[in-house]
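>>> please find the sequence and the predicted model below.
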Amino acid sequence: MTATPQPLPELVSFLETLPEPHILCDRSYRILAANAAYRANCGPGADLIGRKCFEVSHRYPVPCDQAGESCPLARSLVSGQRERVVHLHHTSTGESYENIELSPIRGSDGEIAWFIEKLEPLPGARGLAGTQGLLGRAPAFRHMLELVARVAPSDATVLLQGESGTGKELVAQAIHDASRRSARPFVAVDCSGLTETLFESELFGHERGAFTGASARKIGLVEAASGGTLFLDELGDIPLPMQVKLLRLLETGTYRRVGSTELIRADIRLISATHQPLKALVAQGRFRQDLFYRVNAFPICLPALRERPDDIPLLAEALLGRVAPERKLKLADEALACLQAYDYPGNVRELRNILERASLMCDGDTVQRRHLPEELCEPGRVQAATPTPRLAGPDTPRELSDAELASLLRSYRGSRKALAAELGLSERTLYRRIKVLS
Ligand SMILES: Nc1ncnc2c1ncn2[C@@H]1O[C@H](COP(=O)(O)OP(=O)(O)OP(=O)(O)O)[C@@H](O)[C@H]1O
């Protein structure tokens, strides 16, 4: 076996000067150097050198691709190029979504010898219960997050498509938060609420006296969003005459206030959203094809909640905290089973509404099945569903099946160490079982 070549000391000291967390590792995932920012990310006293990157950031016993995630190092070895992914990482402040950029470095023989891994937090999304932002851990959610992370740093126009209540506005905000415009305004406009006459003056502003009632000059929402992001919600509801005006703004990058001849240059990033299939509206002649191509530069589909049922326990816990922050409400097992058996045509918004109602119906500290709407708890519905297994307590000493453990791993929100302790297993046994699963 050939020994791994030693990286240049200059490279290691260069990493130390970088403000973002960086590590240098070899082809076998071993960390050779970690800069100060990375060490701070892992918490004081963390012992990193010589450990495997997947062990440090995920607490996995095996590389990410053997644990069901995509591994940038394995991908880079194949492609020979830089690779980017979004992973849920363990940090000193708990688990958080991170953007990972991995660049291969070749040795003097031309072969890839090392990798530099850069971490950047992805703000706006969380894999743990939190008081704000997008929540989720399921594969369909992560796939969407990958697209969010890829498009955010650019100025590309984004179209969010998804059923009502899937979180389109939260995703738009997350893209803005992860963009270089994040310090500038995020202006959301509900297009379904704008009449034809209002649209132009709301969006572009007006001069004093431009029309009856225009007693003062007013800046429009495009100007208010200057330097930042303009989010047009329910884009499919814009009538055709207004679509022409929007198209002109996007084509020329300029607009005029109503009643003014002065051309103003727009400095906005446009994100639009719709629950209607825009392509079908184009086919029906209700949406302009040229505008469709302009707004659809980078489409992102948001998964319906029924496509990510594994996220229901996490969402239910977090949303219960959000709807009644002062009460620290818990959810009884059978109430959670009811929630997991439902298919949510109104998506996360409907789940949130159900929990808000339940919090008002519940006088104690635990939401029970009887606090949920009756139709959710119909016997056939709940029995048909397989509830996410809860942790084995002292009164349930039986061992979890592989399927139950897999389901638990998807929904458990603590560390692997905590999970092992709660299951009464050693960490090593838990890792062995996870390895068998992958
Ligand atoms: N992934 C998520 N994590 C946490 N909360 C969410 C998530 N998705 C949606 N929500 C919550 O659900 C509600 C609806 O979200 P939002 O308004 O972003 O949905 P939408 O897709 O824009 O809906 P509509 O199409 O009706 O405008 C909000 O209260 C939001 O906070």
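Structure received.
>>> what about residue 53, how many neighbours?
When counting by other Cβ atoms under 10 Å, one arrives at 25 neighbours for residue 53. Any C-beta I mention is one placed from the backbone N, CA and C, and that applies to glycine too.
>>> for it, phi and psi?
Backbone torsions of residue 53, given as degrees, to the nearest 10, read phi -60, psi -40.
>>> do residue 371 as well
When quoted as degrees, to the nearest 10, the phi and psi of residue 371 stand at phi -90, psi -10.
>>> so who does it touch?
By Cβ atoms under 8 Å, 6 or more residues apart in numbering, the residues touching residue 371 are 335, 357, 358, 361, 362.
>>> can you name the residues of this protein that neighbour the ligand?
Proximity of the chain to the ligand is confined to 134-136, 162, 164-170, 233, 275, 348-349, 352 under the rule Cβ under 6 Å from any ligand atom.
>>> so what's residue 209 closest to, chain neighbours aside?
residue 259 (6.7 Å; Cβ to Cβ, 6 or more residues apart in numbering).
>>> most widely separated two among the contacts of residue 371?
The two members of the contacts of residue 371 with the most space between them (Cβ to Cβ) are 335 and 357, at 12.4 Å.
>>> out of those two, which sits in the busier spot?
residue 335 (23 against 14).
>>> residues in contact with the more buried one?
Neighbour list for residue 335: 358, 367, 368, 369, 371, 372 [criterion: Cβ under 8 Å, 6+ apart].
>>> is it in a helix, a strand, or coil?
helix (DSSP: H, G, I helix; E, B strand; the rest coil).
>>> how about the one 3 residues further on?
Residue 338 carries the three-state label helix when classified by three-state DSSP.
>>> so it touches residue 374, yeah?
No. Counting by Cβ atoms under 8 Å, residue 338 does not reach residue 374; the two are 10.1 Å apart.
>>> in terms of neighbours, single out the busier of those two.
Of the pair residue 338 and residue 374, residue 338 is the one with more neighbours under other Cβ under 10 Å, namely 24 against 7.
>>> and the residue of the chain found nearest the ligand, how many neighbours does it have?
Closest to the ligand within the chain is residue 167: 2.5 Å, counting by Cβ to the nearest ligand atom. Residue 167: 23 surrounding residues under other Cβ under 10 Å.
>>> hang on, isn't it packed against residue 302?
Yes. In this structure residue 167 lies within contact range of residue 302 using Cβ under 8 Å: 6.2 Å.
>>> OK, contacts around residue 301?
Applying Cβ under 8 Å, 6+ apart, one finds that residue 301 lies in contact with 144, 161, 162.
>>> at 10 Å what do you get?
Taking Cβ atoms under 10 Å, 6 or more residues apart in numbering as the contact definition, residue 301 lies against 140, 143, 144, 147, 159, 160, 161, 162, 166, 307.
>>> cool, residue 42 as well?
Per Cβ under 10 Å, 6+ apart, neighbours of residue 42: 21, 23, 34, 48, 56, 57, 89, 90, 91, 92.
>>> greatest separation within the residues you listed: which pair is it?
23 and 92 (15.2 Å).
>>> who's more crowded, those two?
residue 23 (25 against 11).
>>> ok, the more buried one - contacts?
Contacts of residue 23 by Cβ under 10 Å, 6+ apart are 15, 31-35, 38-39, 41-42, 48-49, 53, 56-57, 102, 115-119.
>>> those in strands, which ones?
31, 32, 33, 34, 102, 115, 116, 117, 118, 119 (DSSP state E).
>>> quick check on the residue nearest to the last one when sequence neighbours are not counted: phi, psi?
This points to residue 119. Leaving out its chain neighbours, the residue that sits closest to residue 119 by Cβ to Cβ, 6+ apart is residue 21, at 4.3 Å. Per-residue torsions, residue 21: phi -60, psi 130 (degrees, to the nearest 10).
>>> what does the one 4 residues further on give?
When read as degrees, to the nearest 10, the backbone of residue 25 gives phi -130, psi 170.
>>> what strand or helix carries residue 203?
In the assignment (DSSP states H and E), residue 203 maps to helix 196-204.
>>> quick one, what contacts residue 91?
With contact set as Cβ under 10 Å, 6+ apart, residue 91 has these partners: 21, 40, 41, 42, 43, 57, 98, 119, 121.
>>> so among the residues you listed, which ones count as buried?
The neighbour-count test (16 or more other Cβ atoms under 10 Å) marks 21, 41, 42, 57, 98, 119, 121 as buried among those.
>>> and those residues, which two are furthest apart?
Using Cβ to Cβ, the two most remote members of these are 42 and 121, lying 13.6 Å apart.
>>> what do those two both touch?
By Cβ under 10 Å, 6+ apart, residue 42 and residue 121 have these common neighbours: 21, 89, 91.
>>> give me the buried subset of the residues of the chain next to the ligand.
Neighbour-count burial (16+ other Cβ under 10 Å) applied to the residues of the chain next to the ligand gives 134-136, 162, 165-170, 233, 275, 348-349, 352.
>>> mind checking the SS state of residue 28?
Following three-state DSSP, residue 28 is assigned to coil.
>>> next one: residue 45
Using three-state DSSP, the structure places residue 45 in coil.
>>> for it, what are its contacts?
Counting by Cβ under 10 Å, 6+ apart, residue 45 touches residue 39.
>>> for it, give its distance to residue 433.
Distance, residue 45 to residue 433, by Cβ to Cβ, to the nearest Å: 29 Å.
>>> so for stretch 207-217, what gets flagged as buried?
Buried-residue list, stretch 207-217, by 16+ other Cβ under 10 Å: 207, 210.
>>> contacting residues around it?
Residues contacting stretch 207-217 (Cβ under 10 Å, 6+ apart): 197, 200-201, 205-206, 218, 256-262.
>>> if you set the cut-off to 8 Å instead, what comes out?
The contact list for stretch 207-217 (Cβ under 8 Å, 6+ apart) reads 201, 205, 206, 257, 258, 259, 260.
>>> separation between the closest residue to the last one other than its chain neighbours and residue 220?
Spatially, and ignoring its direct neighbours in sequence, residue 260 is nearest to residue 207 (4.8 Å; Cβ to Cβ, 6+ apart). Counting by Cβ to Cβ, the gap between residue 207 and residue 220 amounts to 11 Å.
>>> what's the overlap in contacts for the two?
Common neighbours of residue 207 and residue 220 (criterion: Cβ under 8 Å, 6+ apart): residue 257.
>>> got a pLDDT number for residue 412?
pLDDT for residue 412: 62.
>>> before we move on, back to that, the residue nearest to residue 119 is in contact with residue 41, isn't it?
Yes. If you go by Cβ under 8 Å, residue 21 and residue 41 touch, sitting 4.7 Å apart.
>>> returning to that earlier point: filter the contacts of stretch 207-217 down to just the ones in strands.
When DSSP E is applied, the contacts of stretch 207-217 are split such that 205, 206 fall in strands.
>>> if we only consider the contacts of stretch 207-217, which is nearest to residue 292?
For the contacts of stretch 207-217, the nearest to residue 292 is residue 201 (24.9 Å; Cβ to Cβ).
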